[in-house]
Structures are given as C-alpha cells and as structure tokens.
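**Q** Here's a sequence, model it:
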Amino acid sequence: MSEEDNSLFLEAMQDVTPLNETTKQPLYNQGKVSHTQKEVIKRVKRKQKVYKTSLETDNPHKLDKAKHVTKVTTFESLFYHQKGIRLQELSKLKKGDFTVQAVLDLHGLTIDQAEIESLDFIHRAYQEYFRYIRIIHGKGYNSDDSYPALKNLVNQILRQTKLVLAFSSTPEKDGGTGAVNIFLKSH
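**A** Next up is the predicted model:
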C-alpha cells in the first residue's frame, strides 16, 4: 500500500471504534433455535436427501435407447404399470379422476429436446412431491415416420424411469391418445 493510500485509509477510519469482543453474538446458536427454524432446517435436509436419492435412482439425462420397446401407432392407447400398484390407483389413472399437478407439452420440440424436457420434468415433479402429472406428446400427424415419434419416445422414457409407477393415455376429454397421465412414486 502506498503512503498516500495509507493516509487516506487512516483518515477514513478515524471516527470508527472497534467492536467489543465480548458482545459478539454467534451466527448460529443451536440452543436458541426456534421451532420454525428447526422446521426449515428439517425441510432443507429432507429436500437434499430426496434430490440425492432421485439422482441415485435415475440419471435424469440417460435413456437406454438400445432397450426395445414396441412401437405404438397414432390411435393406440398407452398403458403400463409396475407390479404392486392397487387397482383403484390404476382405475383413477385411466379415468383421469385426479388433480393434475403439472403438465408438459412437447408440441414443436425435436426428439432430443423432448427427451431432455421429459426427463427433467419428471424429476422436478418428483422433487416437488407431485404424484399425478401429464405429458402432452401429440398424436404424431406431422411425424416423418409411419409411427408418431414423440409418442413413442415418451412411451420409452416412462417405461425406463424408475420414478414412474404407472401411466395411461388420457381420456378423450383430456386429449385421448395424444397425452399420457403419469403416476409417480411417493417419497
């Protein structure tokens, strides 16, 4: 520091008094944590645990395209469930008798974009403790192939994602074979 800088600093600090070291308060006193603060800390720790578990359960950006999933046509309904799902839950899913907590619309996206968006959407929904979500993939009228590209991609993603307990094409009033209702794992 130059002599000029040093004199400017001393001039600026002449009215400052040092803190009394005995009056310093610790930033965090565990003995004096309120109930609300404890709840916030628990919630943050739980969210970290859930996020870590979801990363261990599934890699959100990894889809095994080598796994063979039978292609579906435009008007074919999608349906899948893991073992152990109650019949009441499956019936609710097929009929759409639940509140959709989040929706993702894939219209206009490329296959690569749709894959990333779908996987991210499922993981975000799981982290937000959502159980019922919907993905709108469309019926594939504009697909170059004779099979709807986005619909088949969504079918493959949902069958490989461990967070998905079941899924079913929506009732006609909600898009029919152009959208899928999804039932996610609970925490």
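
**Q** Count the neighbours of D120 for me.
**A** 13 (other CB atoms under 10 Å). For every residue, glycine as well, the C-beta is placed using N, CA and C.

**Q** Over to it. Which of the three states is it?
**A** Following DSSP: H, G, I helix; E, B strand; the rest coil, the label given to D120 is helix.

**Q** For the residue nearest in space to the middle of the chain, give me its contacts.
**A** Note on the chain: the residue nearest the mean C-alpha position is R124, at 1.1 Å, using CA atoms, centre = their mean. Going by CB atoms under 8 Å, 6 or more residues apart in numbering, R124 touches A102.

**Q** That one: which element?
**A** Element membership of R124 [criterion: DSSP states H and E] is helix 111-127.

**Q** Touching whichever helix or strand comes after that helix from outside, list them.
**A** Downstream of helix 111-127, the next assigned helix or strand under DSSP H and E is strand 132-136. Strand 132-136 is contacted from outside by 93, 98-107, 118, 121-122, 125, 154, 170, 174-175, 178-184, using CB under 8 Å, 6+ apart.

**Q** 6 Å instead?
**A** 98, 100-105, 125, 154, 179-182 (CB atoms under 6 Å, 6 or more residues apart in numbering).

**Q** swap in stretch 175-184?
**A** 75, 77-78, 93, 96, 126, 131, 133-136, 138-139, 163-170.

**Q** Just the ones in helices from those residues, please.
**A** The members of those that map onto helices under DSSP state H are 93, 126.

**Q** Kindly write the PyMOL command that selects the buried subset of the contacts of stretch 175-184.
**A** Listed next is the PyMOL selection for buried residues among the contacts of stretch 175-184, using 16 or more other CB atoms under 10 Å:
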select buried, resi 78+93+96+126+131+133+134+135+136+138+139+163+164+165+166+167+168+169+170
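
**Q** next SSE after the worst-scoring helix or strand of the chain on mean pLDDT?
**A** Ranked by mean pLDDT, DSSP states H and E, the weakest helix or strand in the chain is helix 35-57, scoring a mean of 70. Toward the C-terminus, helix 35-57 is succeeded by strand 79-81 as the next helix or strand (DSSP H and E).

**Q** Report the buried residues of that next one.
**A** For strand 79-81, the neighbour count (16+ other CB under 10 Å) marks H81 as buried.

**Q** what separates stretch 4-24 from the chain centre, distance-wise?
**A** Offset of stretch 4-24 from its chain centre (CA atoms, centre = their mean, to the nearest Å): 50 Å.

**Q** Just the C-alpha atoms of it, please, in CSV.
**A** Output in CSV follows, covering the C-alpha atoms of stretch 4-24 (Å, rounded to 0.1, in the frame of the first residue of the first chain):
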residue,chain,number,x,y,z
GLU,A,4,-1.0,8.2,0.1
ASP,A,5,-3.4,5.2,0.2
ASN,A,6,-2.4,4.5,3.8
SER,A,7,-3.1,8.1,4.8
LEU,A,8,-6.5,8.1,3.0
PHE,A,9,-7.4,4.9,4.8
LEU,A,10,-6.4,6.2,8.2
GLU,A,11,-8.4,9.5,7.6
ALA,A,12,-11.5,7.5,6.6
MET,A,13,-11.2,5.3,9.7
GLN,A,14,-10.6,8.0,12.3
ASP,A,15,-14.2,8.0,13.6
VAL,A,16,-14.5,4.2,13.7
THR,A,17,-14.4,2.4,17.1
PRO,A,18,-13.5,-1.2,17.4
LEU,A,19,-16.2,-3.7,18.4
ASN,A,20,-16.1,-5.0,22.0
GLU,A,21,-15.2,-8.7,21.5
THR,A,22,-17.4,-9.8,24.5
THR,A,23,-20.6,-8.5,22.9
LYS,A,24,-20.2,-10.6,19.7
